[in-house]
Every structure is written in structure tokens, then in C-alpha cells.
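>>> sequence first, predicted model second:
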Amino acid sequence: MEKNILITGASSGFGLATARKFAKNGWNIIFCGRREQRIRELEEELKSLGNIQFLGLVLDVRNRNDVESTIASLPRAFSTLDVLINNAGLAAGLDLFDEANPDDWEQMIDTNIKGLLYVTRACLPLLKQSNAPHIINIGSTAAKSVYERGNVYCASKAAVDALTQSMRIDLLKYKIKVTAIHPGAAETEFSRVRFKGNDEKASAVYNGFTPLQAEDIADIIYYCTTLPKHVCINDLIVTPTMQANAHYIHKKKAD
Ligand code: NDP
Ligand code: 8X3
């Protein structure tokens, strides 16, 4: 039977790897991001697979009107949604609370929390059409404990954690599974974005240990969504083997 998935933030990292994973397994896919060129490139890539329906959307999840109108006017092929992956998100800056830029705070709150709310609310009518609906929210180890300079990013992911629990309760009557996946350090564009294009700072984050790769998270997402109908993983923390929690990564010293 055909299955439909919508993935936010699929122009890089976890979202892109997840789109590829589900496409290879024959799912029809809607994916979004703000960078149009990346979205068009993924469309070209998926075209070569031939046997699935797909739709790339240039969409900023912070724009509530755009989110609502875009999702309300999806083509008929996507009038049912089986899986929603709320993945779009970012950390902006890594600053002490008293030195941080409130514009960074706004961007994280607007994307990681409000964007997730807007997309989920808009998708609910489509999810309710599915006979096995599932929402997956990408949290973080930063949701589980805070670290120095993590302040608003950690708070935004703690909100994702709380909202996941709330959604699971409130949407139970529709048999909607709701899962939070909380990754630790993963080498994507995340740190480049956090450090505003400073590649040296970004790559230093992953020195001295083997970080998660985007494909690891895509595989885990796929696993969670393909369990039997009566099984729901509620909360999953996944770290590189050398990371114990948001605070502690055992790094090999440089020679
Ligand atoms: P990337 O920077 O590689 O990917 C982030 C994705 O989110 C991009 O596709 C980006 O697309 C999209 N995005 C950001 N802002 C918006 C927006 N306003 N509207 C639509 N899309 C947006 O990082 P990751 O893949 O690592 O991050 C994915 C998620 O995983 C995030 O929520 C992040 O917080 C979380 N996470 C990451 C970890 C890591 O160590 N990498 C660990 C734990 C959680 P575009 O710029 O084109 O809009
Ligand atoms: C991303 C992982 O450790 O930078 O959520 O918060 S971390």
C-alpha cells in the first residue's frame, strides 16, 4: 500500500537523509526547506527513482500563513498523510545568557517551537485520514539537560520534548503515534549554522570522536515508523558511542 510522508528541513542533514531513506523504500514524499536550490536538487534526485510521487516545497516553517495555506492546498495524492517528521530546526549561536543576541533567541523559538506547532496543526486533518498516523519530533540531548551557553536552544528542545508528550495524550483518541527522537552530536550543517558559517569552529565540535551521521538518524526514524501498528516508541535518546549525555563527550586528545 502507498504511504505518504512529510519532512520539514529536508534541504540538508537529517531531513535530507530521511527523505532519501523513505524514497528508496517507495514512500511518497513531501519535503520542505527555505533554500530553493537544495529543494530543486532533491526533486531532481528523486525523479531518477521513477516510482514515487514527491513534492518539494520552498517553505519557511516560521510563517504561519504560508504553512497553513501550503498544506491546505496540497495535491490530491497527498490528501492523506501517514507520517510527519518535524525536523526543521537550528541552534543560532552558543553564547552566555547575558551576551546572547535576542534575534538568535527569536529565530530558535520561532523555528524549533512555533514552526513545529504550525506544521503539526496544519497537517492534523491529513494525518487523521491515515489508518496508521505517526508524528515524529526531532528533539535533542539538549532537551534532557542544559549545558553552558545552550540556554535558549536547550529550552526550545525541552519544549519539543514537552509538546511531544502533550500531543501523545491529546491525539491518542485519533490513534496518532507521537515519538520524540533526541540525537546527540551529529555531523550535519548544524554547527556551521550555529557558528554562522565559521567552518573551523564547526568542525572542531566533531574532533576526537566519531559523531553520528545523518543516515544514522534516518535509519532510526525509518525503524520507528515501520513498527507494528500497536507499537509506539515514545522517547528515544541516541548518541555517538563516545557521548554519554549533552555535557560529556570523551574526545581523543590530538597527537
Ligand atoms: P542541518 O542544519 O543540516 O538541517 C537543518 C534543516 O532545517 C535544514 O534543511 C534547514 O533548511 C531546515 N530549516 C531551518 N530553519 C528552517 C525554517 N525556518 N523553515 C524551514 N526549514 C528550516 O541540521 P540537522 O540536520 O542536524 O538538524 C535537524 C534537526 O535536528 C534540528 O531540529 C536540530 O536542532 C536537530 N538536532 C541536531 C543535532 C546535531 O547534532 N546535528 C542533534 C540533535 C538535534 P533551510 O536552511 O534550507 O531552511
Ligand atoms: C544538537 C546537539 O549538543 O549541540 O541538538 O545540543 S547539541
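Cool, got the structure. Numbering: from 1, shown residues only. Ligands and ions are numbered 1, 2, ... in the order given.

>>> make it CA atoms for all contacts and neighbour counts henceforth
Will do.

>>> now find how far off-centre the longest helix belonging to the chain is within its chain.
In the chain, assigned by DSSP state H, the helix with the most residues is helix 151-170. Helix 151-170 sits 13 Å away from the centroid of its parent chain (C-alpha atoms, centre = their mean, to the nearest Å).

>>> who are the packing partners of the next helix or strand after it?
Once the chain leaves helix 151-170, the next helix or strand it forms, by DSSP states H and E, is strand 177-183. Packing partners of strand 177-183 (3 or more C-alpha pairs under 8 Å, 6 or more residues apart in numbering; DSSP states H and E): strand 134-138, helix 151-170, strand 235-238.

>>> could you dump strand 177-183 to CSV, C-alpha only?
Taking only C-alpha atoms (Å, rounded to 0.1, in the frame of the first residue of the first chain), the coordinates of strand 177-183 have been written out as CSV:
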residue,chain,number,x,y,z
LYS,A,177,1.6,7.7,17.4
VAL,A,178,3.8,10.5,18.6
THR,A,179,7.5,9.9,19.0
ALA,A,180,10.4,12.2,20.1
ILE,A,181,13.9,11.3,18.9
HIS,A,182,16.7,13.1,20.7
PRO,A,183,20.0,12.9,18.9
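
>>> near ligand 2, which residues of the stretch 151-255 of the chain?
Those residues of the stretch 151-255 of the chain that sit near ligand 2, judged by C-alpha under 6 Å from any ligand atom, are G184, A185, A246.

>>> looking at the residues you listed, which is nearest ligand 1?
For those, the residue nearest ligand 1 by C-alpha to the nearest ligand atom is A185; the value is 3.8 Å.

>>> surely the closest one and T210 touch.
No: contact status for A185 versus T210: not in contact, 9.2 Å apart, counting by C-alpha atoms under 8 Å.

>>> and those two? which has more neighbours close in?
Neighbours around A185 and T210, counted as other C-alpha atoms under 10 Å, are more numerous at A185. The numbers are 24 against 16.

>>> can you pull the phi and psi angles for the closest residue to the more buried one other than its chain neighbours?
Closest residue to A185 in three dimensions, ignoring its sequence neighbours and counting by C-alpha to C-alpha, 6 or more residues apart in numbering: P211, at 5.8 Å. Geometry field for P211 lists phi and psi as phi -80, psi 170, criterion degrees, to the nearest 10.

>>> contacts only, for P211.
The neighbourhood of P211, defined by C-alpha atoms under 8 Å, 6 or more residues apart in numbering, consists of A185, A186, E187, P240.

>>> any idea which of the helices and strands packed on strand 177-183 is most buried?
Among those, judged by mean count of other C-alpha atoms under 10 Å, the one packed with the most neighbours on average is strand 134-138 (a mean of 25).
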